[in-house]
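Peer 1: okay, predicted coordinates and the sequence, questions at the end:
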Amino acid sequence: MPPAVGVAAALAGARPQRTVFSLFSLANRVVLVTGGHRGIGLEMALAMAEVGATVYCLDLPAEADADWRKVQSYAAQLPQLDNTKGRLEYMSGDVTNQEGMWKAVESIVEREGRIDVCVANAGISQTIGCLDYPAQEFHKIMDINVSGVFFTAQAAGRQMVRLGTPGSIILIASMNGSVANRNQHWSGYNTSKSAVLQMARSMACELASNGIRVNTISPGYTHSSMTRIVLQNKPNLEAELSEQNPLGRFGRPDELRGVSLWLASDASSFCTGSDIRVDGGQCAW
Ligand SMILES: NC(=O)c1ccc[n+]([C@@H]2O[C@H](COP(=O)([O-])OP(=O)(O)OC[C@H]3O[C@@H](n4cnc5c(N)ncnc54)[C@H](O)[C@@H]3O)[C@@H](O)[C@H]2O)c1
């Protein structure tokens, strides 16, 4: 039985202490974040390192660039928390390579002895009309956004089951898995993100008995390299897309820090098979 907390602790006459923040601790936990070289992935990786995790950022470049190294150094200089220090590590890899992903997580476990959290975040977007979509491009987006997410979650889940440890797997979907975009030609992307939502529900049901939780985060329009490409040379598009959500703006990657920590940590221990939307309210109207 875990120690009594909250109301139960109060009623049991326990020594009063703040326990709620420690729910979000990832001290001594090991995390994999794919697409963690920049953008939303790197922001979530740093948030997890801040609360004590060792975070492996896997991405395509052979070596991390100067910006990534700067974030790594920032994490290394953070003060200790609960006698532990988080850190960021970089790994080169391609999520579409199933065997490569299995080996990548195996090597993390060889080095760290465990894997507790996996964030399958790597993804691409495409803007192509549905009637003109070339097969090659459609295959490419499915390969990265669907197969790559599956192989990542699978690689982490296999090690968690082998080690007999619980874990949290977070798949990065999108509000576009649930709704289409007004005036945007994103049928390939939207199809891939719907698949991710159903993938998470299916894996959550299969893996619950192993103590592995699987959930999705569905961001709305968020500033990153991905959206920079969509917005470039279209001076009015950001304003047009911003009007489509009640908060009237794009989100920032740092606005996903809280939700990623909540899902990664014991703070969400009864949450699996869920989709958490962070979209400025876009799906609410
Ligand atoms: N930015 C948004 O508005 C938004 C909204 C909803 C969902 N998302 C999702 O969030 C995730 C992160 O997107 P972002 O906005 O930070 O974009 P981004 O382009 O800045 O980052 C994506 C990262 O994934 C990596 N990547 C691509 N293919 C890969 C592969 N085969 N193997 C390994 N890594 C690969 C890229 O190199 C890049 O570092 C994506 O899944 C995206 O679909 C983004």
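Peer 2: Thanks, I have the structure now.
Peer 1: where along the chain do the helices fall?
Peer 2: With helices called from DSSP state H, the chain shows them at 6-11, 39-50, 66-76, 98-112, 135-142, 149-163, 187-207, 225-231, 237-242, 257-264.
Peer 1: out of the ones you listed, flag the one nearest Gly129.
Peer 2: helix 187-207 (8.1 Å; C-beta to C-beta). (C-beta placed from N, C-alpha, C; glycine too.)
Peer 1: buried residues, that closest one. List them.
Peer 2: 187-197, 199-201, 203-204, 207 (16 or more other C-beta atoms under 10 Å).
Peer 1: one more: stretch 204-217?
Peer 2: 204, 207, 212-217.
Peer 1: cool, stretch 10-26 as well?
Peer 2: Within stretch 10-26, the residues scored as buried using 16+ other C-beta under 10 Å are 22, 24-26.
Peer 1: likewise for stretch 107-120?
Peer 2: 108-109, 112, 115-120.
Peer 1: for stretch 233-245, same thing?
Peer 2: By 16+ other C-beta under 10 Å, the buried positions in stretch 233-245 come out as 238, 241, 244-245.
Peer 1: what about that stretch, distance to the chain center?
Peer 2: Relative to its chain's centre, stretch 233-245 lies at 25 Å (C-alpha atoms, centre = their mean, to the nearest Å).
Peer 1: can you pull the contacts of the closest residue to Ile124 other than its chain neighbours?
Peer 2: Excluding the flanking residues, the one nearest Ile124 by C-beta to C-beta, 6 or more residues apart in numbering is Ile144, at 5.3 Å. Counting by C-beta atoms under 8 Å, 6 or more residues apart in numbering, Ile144 touches 95-96, 122-124.
Peer 1: contacts for the helix or strand of the chain with the lowest mean pLDDT, please.
Peer 2: Scoring the helices and strands of the chain by mean pLDDT, DSSP states H and E places helix 225-231 at the bottom, with a mean of 93. The contact list for helix 225-231 (C-beta under 8 Å, 6+ apart) reads 38-39, 123-125, 127, 221, 237-238, 250.
Peer 1: the residue positioned nearest the centre of the chain bridge partners, please.
Peer 2: A centroid search over the chain (C-alpha atoms, centre = their mean) returns Val119, at 3.9 Å, as the residue closest to the centre. Note on Val119: beta-bridge partners by DSSP bridges are Val33, Ile170.
Peer 1: interface residues of the stretch 51-200 of the chain facing the ligand?
Peer 2: When proximity is defined as C-beta under 6 Å from any ligand atom, the stretch 51-200 of the chain approaches the ligand at 59-60, 94-96, 121-124, 144, 148, 172, 174.
Peer 1: which two of these have the greatest separation?
Peer 2: Taking C-beta to C-beta, no two of those sit farther apart than Asp94 and Ser174, at 21.0 Å.
Peer 1: quick one: which of the two has more around it?
Peer 2: Ser174 (28 against 17; other C-beta atoms under 10 Å).
Peer 1: show the contacting residues for the more buried one.
Peer 2: Going by C-beta under 8 Å, 6+ apart, Ser174 touches 189-190, 193, 196, 218-220.
Peer 1: ok, now with 7 Å
Peer 2: Counting by C-beta atoms under 7 Å, 6 or more residues apart in numbering, Ser174 makes contact with 193, 218-219.
Peer 1: same thing with Thr152?
Peer 2: The contact partners of Thr152, by C-beta under 7 Å, 6+ apart, come to 34, 95, 101, 118, 120.
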